[in-house]
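Novice: quick one, fold the following:
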Amino acid sequence: MRKKISTAFLAVLLLTGCGTSGESTPPEGSSGTSGIITRGQAVKMLALSRYTLDEINALSRTVELDDSDVSNWCYKYIKAAVKSGLISGTQDNTFLQNDALTLEQANFILKKAANGKNLVLEYNNSDRKKPISSEVWLQMFDAVKNLAEQKEIVLLADKKSCPKLADGFILTSEGLMNCEGVDIPEDMLFCGVKAYTRGSCLLALTEVTEPEPVLKNVLIKDIQGNDVLLGLKGFDMYFSSPSTDMVLEKNKTYDLKISGNKIIAIA
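Specialist: Sure, this is the predicted structure:
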């Protein structure tokens with residue numbers, strides 16, 4: 001199920017010149033996350049596996065931590081995960097959101113979140129304080145997730161490539177998505193990726209599936225020379241169409257294969 005994007009972000013965005021050239025693309029199967037998972041990344045995923053973003057924003061219970069308050073992007077997710085009993089702060093009343101999630105902490109979460117499933121993370125006791133790898137964490141999350149789902153999306157523009165975007169958001173083939181706390185490598189823009197999502201929230205990227213993806217059922221809204229304005233989900237975005245052999249017509253819909261911000265074929 002997809003939650004509706006907040007009306008504040010449904011206004012059409014005209015993105016002229018946003019993005020990168022797309023000349024550098026990662027190989028298929030490459031990782032979409034950093035080598036470790038931070039406690040902040042983990043708590044966002046946990047919170048959104050139990051609640052929608054609207055439900056998280058409506059929670060009234062407060063969590064008093066010395067290193068986190070309502071101005072921190074992670075605060076609302078900490079509040080939700082603590083309320084659901086999946087995670088807690090450290091003994092010195094901090095959360096340490098930028099610290100790596102350890103094997104010991106991940107195993108504690110797994111037991112809490114397993115809902116009766118017999119799932120155990122195996123590791124040597126001497127390694128319990130070591131960071132859990134992103135790959136193992138995502139395997140764990142997949143085993144215990146509730147309402148989060150995996151889907152394939154195309155990443156189109158982030159805050160760095162398009163300053164018009166609000167902090168913590170990214171434009172995708174699924175529309176505008178909340179990406180707070182998610183590590184998004186620059187060379188993954190314009191790529192098809194597998195992602196964990198919950199409604200309009202991006203939880204994690206797992207791998208690149210298509211360096212030259214297809215944007216499906218897009219409307220040609222305008223053509224100015226080699227520049228083509230595409231109507232995507234909730235926003236418009238310019239792509240270039242350098243091929244004179246490819247004929248596109250205004251006000252018609254197409255499935256278009258892209259490489260970076262260039263249209264390379266009608267699929």
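Novice: quick one: the helices in the stretch 151-267 of the chain?
Specialist: Under the criterion DSSP state H, counting those that start in this stretch, the stretch 151-267 of the chain contains no helices.
Novice: where in it is pLDDT low?
Specialist: For the stretch 151-267 of the chain, applying pLDDT under 70 flags no range at all.
Novice: change it to 80
Specialist: Counting by pLDDT under 80, the ranges of the stretch 151-267 of the chain that qualify are 242-244.
Novice: what does the stretch 1-150 of the chain give?
Specialist: Across the stretch 1-150 of the chain, the ranges flagged by pLDDT under 80 are 1-34, 60-70, 87-92, 110-120, 142-149.
Novice: let's go with 70 and repeat that
Specialist: Low-confidence segments of the stretch 1-150 of the chain, defined by pLDDT under 70: 1-34, 61, 88-91, 115-117, 145-148.
Novice: contacting residues for the closest residue to Asn57 other than its chain neighbours?
Specialist: Nearest non-adjacent residue to Asn57, counting by CB to CB, 6 or more residues apart in numbering: Lys76, 6.4 Å away. Just so you know, the C-beta spots here come from the backbone N, C-alpha and C atoms, and that holds for glycine as well. With contact set as CB atoms under 8 Å, 6 or more residues apart in numbering, Lys76 has these partners: Ala47, Ile56, Asn57, Leu59.
Novice: ok, of those residues, which come out buried?
Specialist: Buried by 16 or more other CB atoms under 10 Å: Ala47, Ile56, Leu59, out of these.
Novice: these two touch, right, the last one and Lys83?
Specialist: Yes - with contact defined as CB atoms under 8 Å, Leu59 reaches Lys83; the gap is 6.2 Å.
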